[in-house]
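Participant: Following is a predicted model, sequence given first.
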Amino acid sequence: MKNTFGTIMSFLILIVLAAGVYFIVETVRETAAAAQQPFNQVNQANQALQTQVAQFMNPTPTIIPDPVTYITEIRALARLETIQYSVEKVITAEIGQGTFSFAFGDKLLFVAHGIVIAGIDMEKLQPTDMRFENNVLYVRLPPSEIFIATLDNEKSYVYDRETGLLTKGEVDLETLARQTAEDEIRKAALEDGILVQAQTNAENYLFRFFNALGFENVIFEK
């Protein structure tokens with residue numbers, strides 16, 4: 001009987017000790033959490049302040065398109081695009097260079113990636129430009145031309161820019177560099193013979209097209 005009573009008392013003591021330990025641990029946790037809360041609030045305030053400062057120093061541009069759209073012209077096209085060039089050009093734009101360039105100069109290096117597309121405008125093809133004689137189809141195609149010569153804005157970028165100590169830089173300098181880049185890209189494609197290749201590709205394509213229509217003999221006149 002005494003052994004049973006002693007066992008029960010030992011078990012009760014263990015339960016009380018366990019409850020006491022649990023109570024102490026929870027009290028310490030709550031105290032630590034309460035002590036940490038002011039620091040958490042300070043950290044959150046610091047993070048919010050850092051976010052506001054970052055937004056102020058590097059503001060995100062807001063783009064608001066005008067809800068009104070004006071369509072000025074609609075025109076039907078019959079262009080046969082036969083070749084596309086991808087051109088890269090490095091443009092240097094500068095102003096105020098000279099003795100006082102360190103103070104008033106502005107210079108930028110612009111890497112331009114452009115696309116040039118050429119082909120034949122089939123709308124210019126007249127009935128008199130085609131004739132069928134002695135089982136031969138004679139065709140005189142319009143001269144090839146450049147349809148598009150433009151920059152790829154996603155790939156074009158300002159590589160470097162140097163401004164003088166006493167100037168904020170020319171506002172339109174990058175715009176001028178971009179305009180020059182488009183002209184240079186077009187010029188580079190022309191010098192590489194894009195129009196000749198466009199004419200050749202058009203003749204090859206139309207030769208197969210006329211063959212599919214049943215014209216076995218096709219001659220392209222100049």
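Facilitator: Looks like it came in fine.
Participant: quick one: low-confidence parts of this structure?
Facilitator: Counting by pLDDT under 70, the chain shows low-confidence ranges at 1-63, 72-73, 75-76, 98-104, 164-167, 169-170.
Participant: Enumerate the strands of it by residue range, in sequence order.
Facilitator: Assigned by DSSP state E, the strands in the chain fall at 79-95, 106-121, 130-133, 136-140, 145-151, 157-163, 218-221.
Participant: among those strands, which is nearest Gln197?
Facilitator: strand 79-95 (5.3 Å; Cβ to Cβ). From N, CA and C alone the C-beta is placed, and that goes for glycine too.
Participant: Show me what the residue lying closest to Thr180 once chain neighbours are set aside bridges to in the sheet.
Facilitator: Sequence neighbours aside, Ile91 is the residue nearest to Thr180 in space, at 5.6 Å (criterion: Cβ to Cβ, 6 or more residues apart in numbering). Per DSSP bridges, residues listed as beta-bridge partners of Ile91: Phe110.
Participant: so Ile91 makes contact with Ala112?
Facilitator: Yes: here Ile91 reaches Ala112: they are 5.8 Å apart, a contact under Cβ atoms under 8 Å.
Participant: show me the residues around Val196 that make contact.
Facilitator: Counting by Cβ atoms under 8 Å, 6 or more residues apart in numbering, Val196 touches Ser144.
Participant: List the buried residues of stretch 142-158.
Facilitator: Pro142, Ser144, Ile146, Phe147, Ala149, Leu151, Ser156 (16 or more other Cβ atoms under 10 Å).
Participant: Tell me the one among those nearest to Leu108.
Facilitator: Leu108 lies nearest to Ser156 out of the buried residues of stretch 142-158, by Cβ to Cβ, at 12.4 Å.
Participant: about what we covered before: would TSV of the buried residues of stretch 142-158 with distance to Asp106 be doable?
Facilitator: Formatted as TSV, these follow (distance: Cβ to Cβ, whole Å):
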residue	distance to Asp106
Pro142	45
Ser144	40
Ile146	32
Phe147	35
Ala149	27
Leu151	21
Ser156	19
